[in-house]
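Asker: Provided below are the primary sequence and the corresponding predicted coordinates.
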Amino acid sequence: MITITHVLLCGLCLSILLLLVGQVEYLSCDRARLPGNSSIVARSIDGLTLVAPPEPFSADPIAEIKEVGADWIAVVPYAFARRGDTAVRYPAAGWQWWGERPEGVCETIRMAHAAGLRVMLKPQVYIPGGWTGELSFADETSWQAWERAYARYIFTMVRIADSLNVELFCIGTEFRQAIAQRPAFWSALIAQVRQRYKGLLTYSANWDDWQEVPFWEQLDYVGVSAYFPLVEADTPTLEALRAAWRPYVEELSRFSQRWRKPVLFTEFGYLSVNGAGGRTWELEKDIQRRPVNEVAQANCLDALFSTFKNQSWWAGGFLWKWFPNMRGHEGYPERDYSPQGKLAMQVLRRWYRRE
């Protein structure tokens, strides 16, 4: 297990990061701090992950978000990488959608805060045809080049988070191999983020490797991308889904007690197709051929909330995903994770509005 003490002994890692931070030209937003930014979130997070729109909002998307009962949003400004390439590309202007560029990120955060919503800023890296969990390099030079590029991207986002008083920041998502092979880099990165950002911190581990993350003690939440495979049936019943959750609940509860940290579902959600309670990443591969099944999606969400809402160690989570003004979808919203206009919307509203 890597501890802060071990990281402090890793002079090379810290020196690289310290040098890098001094060289970053931060993208800034106008400072608009909110009063009373607490370090503790007292109630369960009822969150939605906003899909960045390609252009400025055509209408205020916050009213619909609040109507469903959500009190948090996750803002996800993607950077881009290619397999085997050490570059992490986040252009401040140009080909990225408006909602992912600094002006869009800042405007979204401002709108959320003005409406009384809290925000998790969740920078993620998209690898076309790949997955961040598989990212790996064969030599030290390549690893260091990637780490410099990733840290530059993260500290650009940290500057935005700090300048707009963002309540929660996620340092990374599903970097299985990068964390297993380079744990000291991540611990050093967290230590540096702590010096520049005073809000809450988490990391989004994949559903099957959250127990392997070595730096939970440095964070405020154990963050999990909660795509746990439950039931493979076309239309799983509530009873079957709740039964399938039980072993996961026991493991997560013990883990939360071990680290004395609440568990946050940094992502959770279900496609509205047959088999939604199974291996969702497999369903995505031929999503347009999958039969639409709104009942399956609704049952999966209902089972998750009824399983976890009464667990004191569960901090809530962020539904994946929500299209502001129904913009930003990939052409199959009727099958996608969004509950908008579906039976799942009723389930979400019932659970999010009950507190």
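Answerer: Sure, I can see it.
Asker: Work out the gap between stretch 338-345 and the centre of the chain.
Answerer: 20 Å (Cα atoms, centre = their mean, to the nearest Å).
Asker: And the contacts of it?
Answerer: With contact meaning Cβ atoms under 8 Å, 6 or more residues apart in numbering, stretch 338-345 is reached by 68, 270, 272, 294-295, 297-298, 301, 319, 321-323, 326, 329, 333-334, 347-348. (C-beta placed from N, C-alpha, C; glycine too.)
Asker: Just the buried ones from the residues you listed, in ChimeraX syntax?
Answerer: Only the buried entries of the contacts of stretch 338-345 go into this ChimeraX selection, using 16 or more other Cβ atoms under 10 Å:
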select :68,270,272,294,295,297,298,301,319,321,322,323,326,333,347,348
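Asker: Show me the contacts of stretch 338-345 that map onto strands.
Answerer: If you go by DSSP state E, these have 319, 321, 322 in strands.
Asker: Turn these into a markdown table, including pLDDT and distance to residue 164.
Answerer: Below are these laid out as a markdown table (pLDDT from 0 to 100; distance: Cβ to Cβ, whole Å):
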| residue | pLDDT | distance to residue 164 |
| --- | --- | --- |
| 319 | 98 | 22 |
| 321 | 96 | 22 |
| 322 | 98 | 20 |
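Asker: Closest one of those to residue 168?
Answerer: The shortest gap between residue 168 and any of the ones in strands among the contacts of stretch 338-345 belongs to residue 319, at 15.4 Å (Cβ to Cβ).
Asker: Wait, that closest one touches residue 51, no?
Answerer: No. At 11.5 Å, residue 319 does not count as touching residue 51 under the criterion of Cβ atoms under 8 Å.
Asker: And the helices in the stretch 101-250 of the chain?
Answerer: Secondary structure of the stretch 101-250 of the chain (DSSP state H, counting those that start in this stretch): helices at 102-114, 140-163, 176-181, 183-196, 238-259.
Asker: do you know how far residue 320 is from residue 259?
Answerer: 24 Å (Cβ to Cβ, to the nearest Å).
Asker: neighbour-wise, which of those two wins?
Answerer: Using other Cβ atoms under 10 Å as the criterion, residue 320 and residue 259 rank with residue 320 on top: 24 against 15.
Asker: Pretty sure the more buried one sits against residue 266.
Answerer: No. Using Cβ under 8 Å, residue 320 is not in contact with residue 266; the gap is 9.2 Å.
Asker: if we can go back for a sec, quick one: which of the contacts of stretch 338-345 sit in helices?
Answerer: Using DSSP state H, the subset of these located in helices is 294, 295, 297, 298, 301, 347, 348.
Asker: And the furthest pair within those?
Answerer: The span of the ones in helices among the contacts of stretch 338-345, defined through Cβ to Cβ, is set by 295 and 348 at 14.6 Å.
Asker: shaky segments in the stretch 51-200 of the chain?
Answerer: Within the stretch 51-200 of the chain, the stretches with pLDDT under 70 are 92-93.
Asker: now the stretch 251-355 of the chain
Answerer: For the stretch 251-355 of the chain, residues meeting the criterion pLDDT under 70 lie at 355.
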